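Peer 1: pasting the sequence and the predicted model now:
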Amino acid sequence: MSFVPIKRSAVPEEIAARLLDLIRERQLRPGDKLPPERDLAATMQVSRPSLREALAALAMMNVIETRQGDGTYVTSLDPDLLVEPLDFALSLDDTLILHLFEVRRILEVAIARLAAERITPDQAAVLAELVDLAPSVEPDAEAFLALDLRLHSLIAEAAGNPLLRRIMASLGRLGLASRTRTGASAWVRATSVGDHRAIVAALQAHDPQAAAEAMLIHLDHVESTLRSNVPTFERSNV
C-alpha cells in the first residue's frame, strides 16, 4: 500500500485527495481497513489533527466509516451511498434541483427512445400493470412517489444499457428532494397518470419517436411545477 509521505505543510484536503487516489488506483478497495491513525499519520508524515480532519471529510462523503473499537474502513462505495451528501445539498438549493432536472431531460428522453427499441414483452407487461395501478394510488403522495420511481427505473432497465441504468439509479436517489416536492401536487400526480400511460403505450408500440416525445411532455409538466416555485431560474440552452 503506497501511503507515501505528504508535505508537512499539506492541508487536510491534500491528505483526503491522496486517500481518494488510492481508492481510484484500486490500492484501497471496498471493505479494506485503514492502518491505525498513529501509523497512517507517521507513514504519510502528516500531523494527526490534519489526518483526523481529512478522515472526517471522507466520512461525510460516505467514502470511509469508523467502527467503534474496530478501526476505519473503506465503505462499500455503492453509488447510492456516495450520492447521499449531494442529495442533502440538493434539498437546500432549488436551483441545483432544476439543474438536475435538465440532466433528467437529456438522459430520460434518450432512454425512452432506446427502451422503445429494446423493451421485452415481460417488461412492457410490468409497466402496463403499473400504469393500471396508478389511478388507485394517485391520492396517496407517498405511494405515488414509489410507483413513479419504479416506473422510471423499469424504463431505464428496458433501455438495455447497464451504465445508463446505474446512472439513472443514482439520479433517482438525487432526485428524491424534487420528486417529493412535485409529488405533493395533486395536479402533478393527476397529470402524471396520463403522461405515464402515453409513455408506456409508445414503448409497447416500439415507437422510439413517440416514446421520446411522451417522456419530454411528461418532464415538461413536472418541471413547470418546479419552476413555479423558483421563478428566478432561467433554463440554460442544453
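Peer 2: Structure received.
Peer 1: and the host helix or strand of Ala42, what's buried?
Peer 2: If you go by DSSP states H and E, Ala42 is part of helix 37-44. For helix 37-44, a neighbour-count test (16 or more other CB atoms under 10 Å) marks Leu40, Ala41, Met44 as buried. C-betas here are computed from N, CA, C, even on glycine.
Peer 1: next: stretch 154-167.
Peer 2: Within stretch 154-167, the residues scored as buried using 16+ other CB under 10 Å are Leu154, Ile155, Ala156, Glu157, Ala158, Ala159, Gly160, Asn161, Leu164, Arg165, Ile167.
Peer 1: quick one: which of those is nearest Ile64?
Peer 2: In terms of CB to CB, no member of those lies closer to Ile64 than Ile167, at 24.0 Å.
Peer 1: quick check: that closest one vs Leu216, distance?
Peer 2: 19 Å (CB to CB, to the nearest Å).
Peer 1: and Thr191, by the same measure?
Peer 2: Distance from Thr191 to Leu216, by CB to CB: 14 Å.
Peer 1: helices or strands next to the helix or strand that contains Asp195 in the packing?
Peer 2: Secondary structure assigned from DSSP H and E places Asp195 in helix 186-204. Counting contacts by 3 or more CB pairs under 8 Å, 6 or more residues apart in numbering; DSSP states H and E, helix 186-204 is packed against helix 94-118, helix 121-137, helix 141-158, helix 208-229.
Peer 1: relative to the whole chain's centre, how far out is the second one?
Peer 2: In other words, helix 121-137. For helix 121-137, the separation from the chain centroid amounts to 24 Å (computed by CA atoms, centre = their mean, to the nearest Å).
Peer 1: isn't Asp148 right up against Arg179?
Peer 2: Yes: with contacts counted by CB atoms under 8 Å, Asp148 reaches Arg179, the gap being 6.7 Å.
Peer 1: so for the two, which residue has more residues nearby?
Peer 2: Comparing Asp148 with Arg179 by neighbour count (other CB atoms under 10 Å), the higher total belongs to Asp148, at 22 against 19.
Peer 1: what domains does the record give for this protein?
Peer 2: Following automatic domain parsing, the chain resolves into domains at 12-76, 82-229.
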